[in-house]
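*Asks:* following is a predicted model, sequence given first.
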Amino acid sequence: MSPPTNSPPLTDPYHMANPALHLPKASTILRKTLRRKRLQLSKRQRFLAAYQAQRQLSHLCCRALRQKNRKVGLFVDAFGEMPTQPLIDWAYRHGHHVYLPVVRGVNQPLVFVRFIPHRLLSARLARHRLGMRQPATGAYINARELDVIVMPLVAVDAQGNRMGMGGGFYDRTLAKTKQKPLKIGWAYDFQQVTALDSKPWDVKLDAAVLPSQRLIFRRYTTKSSSKSPVKNPLNVVEPPL
């Protein structure tokens, strides 16, 4: 296939002298690599990781999770993420209300609809053209009305930077939120990386929950009264209860 007419010819001296211009960005390669690794996991491996992460979430000490009747935004796994049924089980067991995201338009922020059923398999969810499952009906609330949001991700680094699927839905949705909702990432252990290339508009996480550990980022800076310190790359522990 010949290059588009508005593209420089492949024999252009500048491009010949700069072969890196023809290579995909490192972030693109990382995203494809980690997405492929997720899809290679068996169903058993995915659920085992999810239940291990659920136990880590239960030990995350913060007021937004300890009190009942909290509005918790979750999501439906559809692209190899850790299954979110364990998250829904956890939320209902602790007396929280579960909300699922709804995509209204490609360039619009997500809205959230309360999810009453306890089981994703038996729930009547619509399939969006982008591939995710979401509620077809229900009253919308915006992200600022949530107390906690657990977010999918492709990668997370030691500063709480999050790499998503590339659509920017969560960055747009959370751009104007500050203290609320609490932003938690949900990821496999291999999705933790040393550093990501972040942009000014990228929304950072407050915490991330992995099967082997829970990572605490910028919001928590006080000492902990817990006997066992939380593992995190910044040597920051959770606030007192």
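*Replies:* Happy to help now that I have it.
*Asks:* just the buried positions in the longest helix along the chain, please.
*Replies:* Taking DSSP state H as the criterion, the chain has its longest helix at helix 43-58. Neighbour counts over helix 43-58 (16 or more other Cβ atoms under 10 Å) mark 46, 49-50, 52-54, 56-57 as buried. Placement of C-beta: from N, CA and C, glycine included.
*Asks:* low pLDDT regions in this structure?
*Replies:* For the chain, the stretches flagged by pLDDT under 70 are 1-24, 61-63, 122, 218-241.
*Asks:* what segments of it are strands?
*Replies:* 71-73, 97-102, 111-114, 125-127, 133-135, 140-141, 148-152, 155-156, 162-163, 182-186, 207-209, 214-216 (DSSP state E).
*Asks:* which elements pack onto the second one?
*Replies:* Just to be clear, that refers to strand 97-102. Judged by 3 or more Cβ pairs under 8 Å, 6 or more residues apart in numbering; DSSP states H and E, the packing partners of strand 97-102 are strand 71-73, helix 85-93, strand 111-114, strand 133-135.
*Asks:* compare those and give me the one nearest F79.
*Replies:* strand 133-135 (10.9 Å; Cβ to Cβ).
*Asks:* wait, K204 touches K183, no?
*Replies:* Yes: proximity of K204 to K183 meets the contact threshold set by Cβ atoms under 8 Å, at 7.5 Å.
*Asks:* between those two, tell me which one has more neighbours.
*Replies:* Comparing K204 with K183 by neighbour count (other Cβ atoms under 10 Å), the higher total belongs to K183, at 25 against 17.
*Asks:* before we move on, the earlier item: so for L39, which of the helices and strands packed on strand 97-102 sits nearest?
*Replies:* That would be strand 133-135 among the helices and strands packed on strand 97-102, by Cβ to Cβ, at 16.9 Å.
*Asks:* adjacent strands (with direction) for the closest one?
*Replies:* Using DSSP bridges, the strands paired with strand 133-135 are strand 125-127 (antiparallel).
*Asks:* in the partner strand, what counts as buried?
*Replies:* Under 16+ other Cβ under 10 Å, strand 125-127 has no buried positions.
*Asks:* how many neighbours does R119 have?
*Replies:* R119: 9 neighbours (other Cβ under 10 Å).
*Asks:* wait, what's in contact with it?
*Replies:* R119 makes contacts with 85, 88, as judged by Cβ atoms under 8 Å, 6 or more residues apart in numbering.
*Asks:* same check, this time on Y99
*Replies:* Counting by Cβ under 8 Å, 6+ apart, Y99 has contacts 71-74, 112-115, 141, 146.
*Asks:* setting aside sequence neighbours, what's the nearest residue to it?
*Replies:* F112 (3.9 Å; Cβ to Cβ, 6 or more residues apart in numbering).
*Asks:* any idea how far that neighbour lies from N69?
*Replies:* 16 Å (Cβ to Cβ, to the nearest Å).
*Asks:* okay, these two: which has more neighbours?
*Replies:* The neighbour comparison of F112 against N69 (other Cβ under 10 Å) goes to F112, with 28 against 9.
*Asks:* ok, that one to A155 distance?
*Replies:* 24 Å.
*Asks:* then R66?
*Replies:* R66 is 29 Å from A155, by Cβ to Cβ.
*Asks:* before we move on, what about S42?
*Replies:* Distance from S42 to A155, by Cβ to Cβ: 21 Å.
*Asks:* and the two? which has more neighbours close in?
*Replies:* Using other Cβ under 10 Å as the criterion, S42 and A155 rank with A155 on top: 22 against 8.
*Asks:* list the residues that contact S212.
*Replies:* S212 neighbours (Cβ under 8 Å, 6+ apart): 52, 56, 189.
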